[in-house]
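**Q** I'd like to go over a predicted model; first the sequence, then the structure.
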Amino acid sequence: MTDALRSIDLAVIPGDGIGPEVTAEAVKVLRAVAGDDVRLTLTEYTLGAQHWLETGETLSDETLGKLRGHDAILFGAVGAAPGDTRIPSGLIEREFLLKLRFSLDHFVNLRPSRLYPGVPSPLAAPGVIDFIVVREGTEGPYTGNGGTLRGGTPHEVATEVSLNTAFGVERAVRDAFTRASARRRKLTLVHKHNVLVYAGHLWKRTVEAVAAEFPDVSHDYLHVDAAMIFLVTDPSRFDVIVTDNLFGDIVTDLAAAVSGGIGLAASANLNMERTAPSMFEPVHGSAPDIAGRQIADPTAAILSAALLLRHLGLDEHAARIEQAVEEDISSRTTDRRTAAVGDAIAAAVS
Ligand SMILES: NC(=O)C1=CN([C@@H]2O[C@H](COP(=O)(O)OP(=O)(O)OC[C@H]3O[C@@H](n4cnc5c(N)ncnc54)[C@H](O)[C@@H]3O)[C@@H](O)[C@H]2O)C=CC1
Ligand SMILES: CC(C)CC(=O)C(=O)O
Ligand SMILES: [Mg+2]
């Protein structure tokens with residue numbers, strides 16, 4: 001590690017709902033693990049649904065420009081409560097979160113799933129659960145291509161087009177093979193090419209082509225519906241799953257649920273070419289149903305901070321957090337407040 005890497009400059013976006021609660025604990029743990037050997041500079045940005053209500057800003061060019069200047073971004077969650085009619089549905093998700101992921105070219109949305117020892121799973125016989133999902137992060141049906149005709153009438157037609165480019169699919173697939181090669185050397189493409197023939201065939205052809213560069217990695221294919229069966233009946237069959245933006249979003253909430261819960265699921269939005277900062281966030285959303293009560297599990301946010309450190313080359317510091325989390329969650333006996341979880345993990349990594 002170079003001396004330059006020992007100074008890291010982070011943007012912190014706590015966001016809405018439980019975002020600020022869980023992010024505070026991730027920051028607490030980052031400060032503790034940094035100690036005297038990593039100089040941390042943290043700049044907090046107030047963004048999200050509440051910020052939009054107060055200022056009208058979703059994500060301005062000026063803010064985006066400032067975010068580009070950091071080494072990485074630690075993000076909580078955004079989004080309004082379902083019944084909050086003051087905020088148009090999808091506005092913050094699309095104009096803030098997806099805009100950020102697309103603008104910073106976060107083409108790999110990495111979501112590890114691991115059932116830690118001692119953590120209960122809802123599955124009767126979970127076996128070993130230890131896989132990662134490489135979800136393509138900049139394309140699919142989330143790009144805002146579509147529209148509505150005759151809106152609000154009985155004859156309305158609404159489209160939401162899934163965008164899949166050879167370039168975008170290939171870089172996600174190559175990243176997944178690279179990760180599989182360094183793990184248990186098995187890759188599963190999850191799609192629905194029996195129905196979504198144009199996009200599905202592009203994904204399948206791309207996997208076949210890239211597989212030739214990775215003779216050490218075996219690969220198979222599952223339609224997304226069948227993949228959901230195996231996630232519940234036989235999750236140990238998975239090592240690396242590669243899939244598109246929408247399927248990856250759905251697959252990873254179920255993956256979280258079988259691996260001990262959404263409160264443990266970390267993620268990284270990676271720009272693997274390092275042309276812009278990557279962003280690290282829990283898989284979950286702003287959870288308005290439990291916000292402000294100090295009952296959210298901050299573990300996902302804390303593990304996302306570990307992914308951040310690893311991405312910046314601070315592997316040993318990341319490993320200390322992961323080890324502390326593993327010890328903490330295997331010995332959790334009672335429900336603790338959000339801050340108490342952060343305190344315990346921070347104390348363990350100090
Ligand atoms: N990355 C982001 O910022 C995301 C934002 N959202 C937004 O968040 C809002 C709420 O979305 P939902 O669909 O309800 O998904 P959600 O992930 O916020 O919550 C789903 C369920 O999981 C629980 N949960 C979530 N995180 C938890 C934690 N750390 N500890 C304990 N329980 C936890 C919640 O209480 C809720 O019952 C919406 O506005 C949605 O658009 C949703 C997903 C991702
Ligand atoms: C709110 C969406 C834009 C994203 C989402 O649910 C996710 O990335 O998991
Ligand atoms: Mg999601």
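**A** Yes, it's here. These figures come from a predicted structure and were not determined experimentally. Ligands and ions are numbered 1, 2, ... in the order given.

**Q** nearest to ligand 1: which residue in the stretch 101-250 of the chain?
**A** Relative to ligand 1, the nearest point of the stretch 101-250 of the chain is D249 (8.1 Å; CB to the nearest ligand atom). For every residue, glycine as well, the C-beta is placed using N, CA and C.

**Q** what's the closest non-adjacent residue to that residue?
**A** Take D249 and drop its neighbours on the chain: the residue closest to it by CB to CB, 6 or more residues apart in numbering is R135, 6.8 Å away.

**Q** and that neighbour, what are its bridge partners?
**A** Applying DSSP bridges to R135 yields these beta-bridge partners: N109, T243.

**Q** pull up the gap between it and ligand 2, please.
**A** Using CB to the nearest ligand atom, to the nearest Å, R135 is found at 8 Å from ligand 2.

**Q** okay, now the domains of this protein?
**A** 1-106+267-350, 121-259 (automatic domain parsing).

**Q** now render those domains as CSV, adding mean neighbour count and mean pLDDT.
**A** Formatted as CSV, the domains of the chain follow (neighbours: other CB atoms under 10 Å; pLDDT from 0 to 100):
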stretch, mean neighbour count, mean pLDDT
domain 1-106+267-350, 19, 95
domain 121-259, 17, 98
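
**Q** how about the residues of this protein near ligand 2?
**A** Within the chain, the positions adjacent to ligand 2 are E93, L97, L98, D249, V283 by CB under 6 Å from any ligand atom.

**Q** taking the stretch 51-200 of the chain, what residue is nearest to ligand 1?
**A** For the stretch 51-200 of the chain, CB to the nearest ligand atom, closest residue to ligand 1: G79, 2.3 Å.

**Q** please enumerate the helices of the stretch 201-350 of the chain.
**A** 224-233, 245-258, 299-311, 315-330, 338-349 (DSSP state H, counting those that start in this stretch).

**Q** would you mind measuring the gap between the ends of stretch 234-253?
**A** 17 Å (CA to CA, to the nearest Å).

**Q** got it, and stretch 55-63?
**A** Stretch 55-63 has its terminal residues 13 Å apart, counting by CA to CA.

**Q** so that stretch, near ligand 1 or not?
**A** No: judged by CB under 6 Å from any ligand atom, stretch 55-63 stays clear of ligand 1, getting no closer than 12.8 Å.

**Q** returning to what we had before: ok, the residue of the stretch 51-200 of the chain closest to ligand 1 to L67 distance?
**A** Per CB to CB, to the nearest Å, G79 is found 19 Å from L67.

**Q** returning to what we had before: wait, the residue of the stretch 101-250 of the chain closest to ligand 1 touches G137, no?
**A** No: D249 is not in contact with G137 according to CB atoms under 8 Å; the separation is 10.0 Å.

**Q** residue in the stretch 151-300 of the chain with the shortest distance to ligand 2?
**A** Closest residue of the stretch 151-300 of the chain to ligand 2, CB to the nearest ligand atom: D249 (4.7 Å).

**Q** how about the stretch 1-150 of the chain?
**A** Distances between the stretch 1-150 of the chain and ligand 2 by CB to the nearest ligand atom are smallest at E93, namely 4.0 Å.

**Q** quick one, what contacts A182?
**A** Contacts for A182 (CB atoms under 8 Å, 6 or more residues apart in numbering) come out as none.

**Q** quick one, phi/psi of it?
**A** phi -90, psi 0 (degrees, to the nearest 10).

**Q** who does the longest strand seen in the chain pair with, and is each partner parallel or antiparallel?
**A** Counting residues, the longest strand in the chain under DSSP state E turns out to be strand 7-15. The strands that strand 7-15 pairs with in its sheet are strand 39-44 (parallel), strand 72-77 (parallel) (by DSSP bridges).

**Q** follow-up on the earlier one: and the domains of the chain as a markdown table, adding distance to S113?
**A** Formatted as a markdown table, the domains of the chain follow (distance: least, CB to CB, whole Å):
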| stretch | distance to S113 |
| --- | --- |
| domain 1-106+267-350 | 9 |
| domain 121-259 | 4 |
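
**Q** and of those, who's closest to R114?
**A** With CB to CB as the criterion, R114 lies closest to domain 121-259 of those, at 4.8 Å.
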